[in-house]
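In: build the 3D model from these lines:
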Amino acid sequence: MIRSFAALAALVVALGFAASACGGSEEATPTPDTVTGELPTQPTDTGTTETEPPAEEGDPAAGKEVFLGSAGCGACHTLADAGTSGTVGPNLDEIAPSYSAVVEIVTNGRGQMPSFSGTLSEEDIQNVAAYVSQAAGS
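Out: Modelled structure (predicted):
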């Protein structure tokens, strides 16, 4: 009987250590794979939080030069203001992308379009985004 009690006590102690070693009483820490949604931005005047698009920066006139020049955007895209009629990529007049969408796609690429982050400076990307979003009427 004493042997059974000792064995039971040893088992309870061992299970207690095992549970604490596995984080039995600790909270789980979320990993990037388990977190979904968007982080809130700074509170607005009303005290609520909203997700705000990136501030529009850039010089549309300089962006037109990038669009027509070093980036060669017109070879693939139609944009009436630039006088281009490329058909490989989307017609920018029809989709009227926002400033933030242009920054995202030019920076990271999408589909057949390569990333221009290694080719264009951040300022050039902001300029072409300002130009495209303005010229396409978004």
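In: so in this structure, where's the weakest helix or strand by average pLDDT?
Out: Every helix and strand of the chain was ranked by mean pLDDT, DSSP states H and E. The lowest is helix 2-21, at a mean of 47.
In: what's around Asp93, how many residues?
Out: For Asp93, the neighbour count with other Cβ atoms under 10 Å is 15. No exception for glycine: its C-beta is placed from N, CA and C like everyone else's.
In: sorry, that was for Gly137
Out: Gly137 is flanked by 10 other residues according to other Cβ under 10 Å.
In: pretty sure it contacts Pro97?
Out: No: applying Cβ atoms under 8 Å, one finds Gly137 not in contact with Pro97, separated by 10.2 Å.
In: can you tell me the helix or strand for Val103?
Out: Secondary-structure assignment from DSSP states H and E places Val103 in helix 99-108.
In: so the next helix or strand after that helix versus helix 99-108, what angle?
Out: Once helix 99-108 ends, the next helix or strand along the chain (criterion: DSSP H and E) is helix 122-135. Computed by axes from the mean of the first three to the mean of the last three Cα atoms, to 10 degrees, the angle separating helix 122-135 from helix 99-108 equals 140 degrees.
In: coming back round to it: in the helix holding Val103, which residues are buried?
Out: The neighbour-count check on helix 99-108 (16 or more other Cβ atoms under 10 Å) flags Tyr99, Ser100, Ala101, Val102, Val103, Glu104, Ile105, Val106 as buried.
In: where does the prediction get shaky in this protein?
Out: 1-56 (pLDDT under 70).
In: let's see 50
Out: Within the chain, the ranges that satisfy pLDDT under 50 run 5, 7-26, 28-29, 34-35, 39-54.
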